[in-house]
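**Student:** give the three-dimensional model of this entry:
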Amino acid sequence: MKIIIFGATELGCLIATEFFEDHDVTIIDNEDNITKDFNKLDIGYVQGNATSIDTLKQADIRNADVFLSCTDSDELNIVACLAAKKVAGIKTICFVSKEEYKSTLENKESDYSCDMFIDYIIWSAELLTQEIFRIITVAQALDVENFADGKARLLEYKLNENSVLVGEKIRNCNFPEQTIIVGITRNSELFIPSGETVFEKEDKVIFMGLAHQLDKLAGSFFHEKEFVKSVCIIGGGTIGLMLARNLEEIKIKAKIIEKNIQRCELLAQELSSTLVINGDGTNLSLLDEEQISDCDVVVSVTNNDEKNLLCSLLAKQLGVKRVISRVSKNLNIPLFEKVGIDVAVSPNNAALNEVKNDLYETNVDILATVEQGQGEVLEIIVPEDFEDIKIKDLRMPAKAIVGTIKRRNRVIIPKGDTLIMKKDTLIIFTTNTNAPQIKDFFKGK
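**Tutor:** Residues are numbered from 1 along each chain as shown. Below is the predicted model of the structure:
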């Protein structure tokens, strides 16, 4: 597949890094924007602006399969995608930062018809808000993903030194029925465990299972009988506003701390029950006065990594049990986690997942990634020519765990004797390095 990317941004680099080994990737941008990270990749470069038809032709747009535009300008992205569609009629993916652009470009009920359109609009802020909201609603979880219309779920927890699981083998733990451990991250490395694996403190453990059974597991092993009742959001930008709206809908008490007085006035108009505070989230005295230590969760979502880190550390110093922080630069994620921030989330990672979903095979979806892309949750439709086989007899070419089987209206958490049948939809957990082999295995059947 030939992929053309307009925009030598961090997101552009992430996308290029993901696809360059197996696909022909070309970057369009000014030479000044090409960083050393791009120079490490075996990809093509075209100097210029993709809103120019001459530049698109120079990039061989007519022989490309996909055009992605991810500059820092919404307007440039939109015009470039429309130009690519006009010249070559290929699939276009456009990144935007404003809700109005997304809603307008996705409007299928317009009275105006046009031969030029953009195939896929990605608004990273919306994806990140959804991710944060999922994590907030499950106390103590580091990551939360829902599958099979909410009937199945993935939860990630960190084991502290007082956990009853530390020192125990997986096979000796009496976890609820219909739950399964699919991965463990230890010393920043993700692996797929066996029944003989012994839990260690600081392990980050990934469970999959039926939603109500995972609720039981959380209550039994992670002291999660309490619910999240109050959240403090530092940063009243787009993500802060959307998150507060979502929290209001499920009756969770929220407050927003925002430095800009005009933005505070807008927030107060847009929100009905959220307390809006005009102040600086890096002001320790303000945080103490507002008693954020009483909040179950603090979320720092300003557009500045350094400020988010400082706000998060101050919240931790004041005794907040759970802190979630937005990280714009992926290289900063390990730093945030190393200094004790509970959950670091990235809009770029959320956007990359959407791109991977859109470009990979039609019978394979990447439902989620975990641990900064080290693990992938794949949704694979079993081909028609696949012979029925028990899980224990399935000889996959690389380590992976079938976490869930969707069969018509049923959701099954499989055991060794469970049959895999043609037309089943499998939700499989594996590492990113093993994922291509797992996809090929089911494709080859």
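**Student:** who's in contact with residue 231?
**Tutor:** With contacts taken as CB atoms under 8 Å, 6 or more residues apart in numbering, residue 231 has the following neighbours: 136, 247, 252-255, 295-299. Every residue, glycine included, has its C-beta placed from N, CA and C.
**Student:** ok now do the closest residue to residue 210 other than its chain neighbours, which residues does it touch?
**Tutor:** Distance criterion CB to CB, 6 or more residues apart in numbering; nearest residue to residue 210, sequence neighbours excluded, is residue 178 at 4.4 Å. The neighbourhood of residue 178, defined by CB under 8 Å, 6+ apart, consists of 209-210, 213, 413.
**Student:** care to break this structure down by domain?
**Tutor:** According to the domain assignment given by automatic domain parsing, the chain is divided into the following structural domains: 2-118, 128-132+228-349, 356-444.
**Student:** need the pLDDT of the residue nearest to residue 210.
**Tutor:** The predicted local confidence for residue 178 comes out at a pLDDT of 89.
**Student:** do residue 141 as well
**Tutor:** As predicted, residue 141 sits at a pLDDT of 83.
**Student:** surely it meets residue 157?
**Tutor:** Yes - Residue 141 lies in contact with residue 157 (CB atoms under 8 Å); the separation is 6.2 Å.
**Student:** go through the domains of the chain and pick out the most buried.
**Tutor:** Ranked by mean neighbour count, the domains of the chain are led by domain 128-132+228-349 with a mean of 19 (mean count of other CB atoms under 10 Å).
**Student:** what mean pLDDT does that domain have?
**Tutor:** Confidence for domain 128-132+228-349, expressed as mean pLDDT, is 94.
**Student:** show the end-to-end separation of it, please.
**Tutor:** 9 Å (CA to CA, to the nearest Å).
**Student:** show me the helices in this protein, by range?
**Tutor:** If you assign secondary structure with DSSP state H, the helices in the chain sit at 10-19, 36-39, 53-58, 74-88, 99-105, 124-136, 211-221, 238-249, 261-270, 284-289, 305-317, 333-338, 347-359, 435-444.
**Student:** next, format the ones you listed as JSON lines and append distance to residue 184.
**Tutor:** Conversion of the helices of the chain to JSON lines gives the following (distance: least, CB to CB, whole Å):
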{"stretch": "helix 10-19", "distance to residue 184": "24"}
{"stretch": "helix 36-39", "distance to residue 184": "29"}
{"stretch": "helix 53-58", "distance to residue 184": "46"}
{"stretch": "helix 74-88", "distance to residue 184": "39"}
{"stretch": "helix 99-105", "distance to residue 184": "37"}
{"stretch": "helix 124-136", "distance to residue 184": "19"}
{"stretch": "helix 211-221", "distance to residue 184": "14"}
{"stretch": "helix 238-249", "distance to residue 184": "30"}
{"stretch": "helix 261-270", "distance to residue 184": "41"}
{"stretch": "helix 284-289", "distance to residue 184": "34"}
{"stretch": "helix 305-317", "distance to residue 184": "25"}
{"stretch": "helix 333-338", "distance to residue 184": "16"}
{"stretch": "helix 347-359", "distance to residue 184": "20"}
{"stretch": "helix 435-444", "distance to residue 184": "18"}
